[in-house]
Structure formats: structure tokens, C-alpha cells
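Peer 1: for reference, the sequence and a predicted model appear below.
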Amino acid sequence: MKTIKKIFLLLLIVFVVAQFFGPDKNAGNIASIEGFLNETNPSEDVKIILKESCFDCHSDVTRYPWYNAITPVNYWLADHIKHGKKHFNVSNWEGNSVKRKDHKFEELIEMVEEKSMPLNSYTWTHTEAKLTDEQINAVTDWAKQVRFKYSLEPKPE
């Protein structure tokens, strides 16, 4: 019994000390999203959907929930954000080629239609981010319009 108490006490100390450390926050400027919004011109409804369901993981601006202050949860969230931005980051949108932008929208359409985005692990705690069929249609219709616009742009040879 003494050993179990010592192990528990040691784990408690490690947990408390760990609370003083954490990953860097994804706390960029909201202006980093403006280039993406200006170029893709979503309707107000789609802007709201993007803000509630996409930008936390796919931009440099994240609204952190209260439980992000708890280690190791904050590392788990940071990893989600890192991977989300690696695949689709609207904050560095202007630096991408038209071909890459078109491809990212192709992936966006596919993942939203398949309901694999937003992730279930995100919608468990952000219920407002779960997309209805109407919202899915709005996002994919907008994305298809953006892809059409990109198809009209001249491609470098």
C-alpha cells in the first residue's frame, strides 16, 4: 500500500509541475485570414461556418477552450492544429499557386461531403461546428465556385 501511495504522490507532483509547461499557442492575427476571404469571397453564411468549423485548426487564429490550460490536453490540441494547418492553412493562402489552391479546394469538397471534416473529436466539444446537410451544401457549392474561378485563371507553363 505504501508503494501505491508513493507512486500516486509522484504522479500527482509530475502532473502539477507539467501544468507550468505547454506548447506555443496558435495566436496569430485575424488579418491573416483576410487574404483568403477576399480571394474566395464566401457568403456571410459560409464565413460563419468557416469561423465556427474550420479556422481554429486551419488558420493562424485559434479560439482556445478552457481545457487547453490543462497539460497534456494542450499538447493534444496543439498537435491537431499543427496537422490541420499542414494540410490546409488559410493564413498563408496568398503564397500558394493557383494549382495548389485548386487542389486544396478539391480536398475540402471531398472531406466535407464525406463528413470527415470537421473532425469528430472537434465537434464533440464544439457542437456548433457540426455541419448540417444544408451547411455542407453551402460550403461545397461555394468551394465549387472557387474552383471554377481558379480554372479560368491562366496557368504558368
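Peer 2: Now that the structure is in, tell me what you want to look at.
Peer 1: so where's the chain shaky on pLDDT?
Peer 2: 1, 14-23, 26-27, 68, 155-157 (pLDDT under 70).
Peer 1: so in it, which helix runs the longest?
Peer 2: Across the chain, the longest stretch assigned as helix under DSSP state H is helix 133-152.
Peer 1: quick one: residues in contact with stretch 93-102.
Peer 2: With contact meaning C-beta atoms under 8 Å, 6 or more residues apart in numbering, stretch 93-102 is reached by 35-36, 39, 104, 147, 150-151, 153, 155-156. Bear in mind the C-beta positions are built from the backbone N, C-alpha and C, glycine included.
Peer 1: same question for that stretch: list its buried residues.
Peer 2: 93, 101-102 (16 or more other C-beta atoms under 10 Å).
Peer 1: what is the end-to-end distance of that stretch?
Peer 2: The straight-line separation of the ends of stretch 93-102 (C-alpha to C-alpha, to the nearest Å) is 11 Å.
Peer 1: who are the packing partners of the longest helix of the chain?
Peer 2: Applying 3 or more C-beta pairs under 8 Å, 6 or more residues apart in numbering; DSSP states H and E, one finds that helix 133-152 contacts helix 44-53, helix 98-113.
Peer 1: circling back: from the contacts of stretch 93-102, which single one is nearest residue 116?
Peer 2: residue 104 (15.1 Å; C-beta to C-beta).
Peer 1: just the buried ones from the contacts of stretch 93-102?
Peer 2: The neighbour-count test (16+ other C-beta under 10 Å) marks 36, 104, 147, 150 as buried among these.
Peer 1: surely the third one touches residue 106?
Peer 2: Spelled out, that is residue 147. Yes - if you go by C-beta atoms under 8 Å, residue 147 and residue 106 touch, sitting 6.7 Å apart.
Peer 1: about what we covered before: for the buried ones among the contacts of stretch 93-102, work out which two are farthest apart.
Peer 2: 36 and 147 (14.6 Å).
Peer 1: residues contacting the residue most central in space within the chain?
Peer 2: With distances taken as C-alpha atoms, centre = their mean, residue 57 lies nearest the centre of the chain, 1.7 Å away. The contact partners of residue 57, taken as C-beta under 8 Å, 6+ apart, are 80-81, 83-85, 118-119, 122.
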